[in-house]
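Q: just the structure for this:
(3 chains)
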Amino acid sequence: MELLKIYKNLYNYFGPQGWWPLVAFRAEPSAPRGKPFFNCDHQFEICVGAILTQNTAWKNVEKAIANLVKANLLTPGALLRCGTKKLQTCLYPAGYFRQKTKKLKIFSKFLLENYNGDLRKFFNSQVSIVRCQLLELWGIGPETADSMILYAGGKPTFVIDAYTRQLCECFGLRFKTYDEYKKFFVHQLPRRAKLYNQYHALIIAWGKLYSKDKKAALKILLL
DNA sequence: TACCAGGTCCTCG
DNA sequence: CGAGGACATGGT
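A: Okay, here's the model as predicted:
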């Protein structure tokens, strides 16, 4: 299973994937040197999206984020101050709305208390520390933490999700833990955020196809 | 009508 | 540890 070759096959088929699908703020089209440009607001939206999309279709997450925007709640301070009932109503379409309300509150509180709500400051800390801090928070597991670090922080951390495991499974590969999957990928790929970002996004595109048309999806891998 | 979607936490053996 | 269940809505 040659990961770079698979990457190329996926890239050739699906083409370059967009940056994290922002709802409230569009990413700047004229980013310098192809680097994604985002500010604190983008970063926070990405983190919120990462939590809301846990085991949930992105379509439903979009509705919830749109509600947050309309209610002017897309900052750590506003989320923390917002009443639980009101926040639950906003998050309702994303499912697990009681749990997710709690998760967003806890995450916002953490950011405010430790980084004054400044996402840039947070992600500029050492990656291993950022990851540990995220994992200590209730409601944030390894995938959500890595998504935040990669997509909001722009740091090279490979994200493993259900589709990634599914792809490995196609090659008869199965590991026990999240970290074992991660090692398998990072040991074989150049350590670059851009690559990790595209690769993960491509795997998602592939996974969605796979769920509809296994044959077509398998064919792409084996080109 | 069931089953699943870019997981995580809790409980029980 | 590891399996099994709970959490919840919306699309197919």
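Q: and whatever residue of chain A ends up closest to DNA strand B, what is it in contact with?
A: Nearest residue of chain A to DNA strand B, counting by C-beta to the nearest atom of the strand: residue A:141, 2.3 Å away. Every C-beta, even on glycine, is put in place using the N, C-alpha and C of the backbone. For residue A:141, the contact set (C-beta atoms under 8 Å, 6 or more residues apart in numbering) comprises residue A:135.
Q: same question for the one 4 residues further on.
A: The contact partners of residue A:145, taken as C-beta under 8 Å, 6+ apart, are A:131, A:134-135.
Q: redo those as TSV? Include secondary structure.
A: Formatted as TSV, these follow (DSSP: H, G, I helix; E, B strand; the rest coil):
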residue	secondary structure
A:131	helix
A:134	helix
A:135	helix
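Q: can you list the domains in chain A?
A: A:3-19+A:159-221, A:40-152 (automatic domain parsing).
Q: for the ones you listed, state which one has the densest average packing.
A: Among the domains of chain A, domain A:40-152 has the highest mean neighbour count (mean count of other C-beta atoms under 10 Å), at a mean of 18.
Q: so what's the gap between that domain and the chain middle?
A: Mean-position distance between domain A:40-152 and its chain equals 11 Å (C-alpha atoms, centre = their mean, to the nearest Å).
Q: do the same with stretch A:161-173
A: Remark: stretch A:161-173 is offset 18 Å from the chain centroid, using C-alpha atoms, centre = their mean.
Q: touching DNA strand C at all, it?
A: No - residues of stretch A:161-173 are not located near DNA strand C by C-beta under 7 Å from any atom of the strand, the shortest gap being 12.5 Å.
Q: got the confidence number for residue A:116?
A: Looking at residue A:116, its pLDDT reads 97.
Q: how about the contacts made by residue A:195?
A: By C-beta under 8 Å, 6+ apart, the neighbours of residue A:195 are A:7, A:156, A:189.
Q: again, only using 6 Å
A: Not one residue lies near residue A:195 by C-beta atoms under 6 Å, 6 or more residues apart in numbering.
Q: for chain A, what lies in contact range of DNA strand C?
A: A:55-57, A:59-60, A:63, A:92-100, A:176.
Q: ok, the most centrally placed residue in chain A to residue A:13 distance?
A: Note on chain A: the residue nearest the mean C-alpha position is residue A:147, at 3.3 Å, using C-alpha atoms, centre = their mean. Residue A:147 sits 23 Å away from residue A:13, going by C-beta to C-beta, to the nearest Å.
Q: which strands and helices sit next to the host helix or strand of residue A:102?
A: Taking DSSP states H and E as the criterion, residue A:102 maps to helix A:97-115. Where contact means 3 or more C-beta pairs under 6 Å, 6 or more residues apart in numbering; DSSP states H and E, helix A:97-115 is packed against helix A:76-81, helix A:84-91.
Q: export these to CSV and tack on mean pLDDT?
A: Output for the helices and strands packed on helix A:97-115, formatted as CSV (pLDDT from 0 to 100):
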stretch, mean pLDDT
helix A:76-81, 98
helix A:84-91, 98
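Q: for residue A:110, find the nearest of these.
A: Closest approach to residue A:110 among the helices and strands packed on helix A:97-115 is made by helix A:76-81 (8.7 Å; C-beta to C-beta).
Q: so where's chain A uncertain?
A: Applying pLDDT under 70 to chain A picks out residues A:25-37.
Q: for the most far-flung residue of it relative to its centre, which residues are in contact?
A: No residue in chain A sits farther from the centre than residue A:223, which is 28.0 Å out by C-alpha atoms, centre = their mean. Residue A:223 is in contact with residue A:9, counting by C-beta under 6 Å, 6+ apart.
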